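Peer 1: let me see the structure of the following:
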Amino acid sequence: VIDPHDGRSLGIKTPKISADIVLITHEHFDHNAYPVVAKPGANIFSMHIGEETINDIRFIGIETYHDRERGRRRGRNIIYKLYVDNISFVHLGDLGHELERDYSTKLGPIHILMIPVGGTFTIDAKGAWKTIENLNPKAVIPMHYWIENLNLPLRPVDDFIQQKPATWNVMKLNTNTLSIEAEKILQNTIYVFTLA
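Peer 2: Numbers count the residues shown, from 1 in each chain. Okay, here's the model as predicted:
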């Protein structure tokens, strides 16, 4: 699990999941509620920079910022690149600035990019699309956007979808999980989950 919340403090449901590994991108209340999801003896990594391998999961933490002012307003943010079952995932946490093309070199090829799109505390839809253009992932999962009952002033995912280039497709899933093999990830696809 990456960036667990407790649900209640956000006006939404408490997560119903147990994790062996928990990664935290930054120490804000809506991203570091690891006691809610961590199994006893779980490996917990908070703002971890560098490379680790736990069982068959390898990940790398790279420092970025939660704002456009090199962290002066909201602090640091760690992005994580994970390798699981021959799929490379990049989770951008609460990224507060666009990533330039040099991050594409740092991160290498990306199958699935998990990117904040709701603005206010992170990049907005426009900044997300600029970052996607620079990182060139195969597919995208938008995150950190407004959903029903959420008490944070974020924009809905539709703002992000409406700004998509014509070359990108949207796949709305009637679930909050996805099981997929690397060769079945569709190029230029936005996977949007139905949150339970």
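
Peer 1: point me to the helix or strand that includes Thr105.
Peer 2: helix 102-107 (DSSP states H and E).

Peer 1: now do the buried residues in that helix.
Peer 2: Tyr103, Ser104, Leu107 (16 or more other C-beta atoms under 10 Å). Every residue, glycine included, has its C-beta placed from N, CA and C.

Peer 1: check stretch 142-155 too.
Peer 2: Across stretch 142-155, burial judged by 16+ other C-beta under 10 Å covers Pro142, Met143, His144, Tyr145, Trp146, Leu150, Leu154, Arg155.

Peer 1: repeat that for stretch 115-125.
Peer 2: In stretch 115-125, counting by 16+ other C-beta under 10 Å, buried: Ile115, Pro116, Val117, Gly118, Gly119, Phe121, Thr122, Ile123, Asp124, Ala125.

Peer 1: hang on, isn't the fourth one packed against Asp124?
Peer 2: Yes - the pair Gly118 and Asp124 passes the contact test of C-beta atoms under 8 Å, sitting 7.2 Å apart.

Peer 1: which neighbours do those two share?
Peer 2: Arg155, Asp159 (C-beta atoms under 8 Å, 6 or more residues apart in numbering).

Peer 1: which elements pack onto the longest helix anywhere in the chain?
Peer 2: In the chain, assigned by DSSP state H, the helix with the most residues is helix 125-135. Helices and strands touching helix 125-135, by 3 or more C-beta pairs under 8 Å, 6 or more residues apart in numbering; DSSP states H and E, are helix 102-107, strand 112-116, helix 157-162.

Peer 1: ok, back up a step: which one of the buried residues of stretch 142-155 is nearest to Val84?
Peer 2: Of all the buried residues of stretch 142-155, the one with the least separation from Val84 (C-beta to C-beta) is Met143, at 17.3 Å.

Peer 1: for that closest one, which residues make a bridge with it?
Peer 2: Bridge pairing for Met143 (DSSP bridges) gives the partners Pro116.

Peer 1: that one against Val117, yeah?
Peer 2: Yes - between Met143 and Val117 there is a contact at 7.2 Å, judged by C-beta under 8 Å.

Peer 1: which helix or strand in this protein has the lowest average pLDDT?
Peer 2: Between all helices and strands in the chain, the lowest mean by mean pLDDT, DSSP states H and E belongs to helix 34-37, at a mean of 69.

Peer 1: where does the protein dip in pLDDT?
Peer 2: Applying pLDDT under 70 to the chain flags residues 7, 11-12, 26-35, 67, 71, 150-151, 196.
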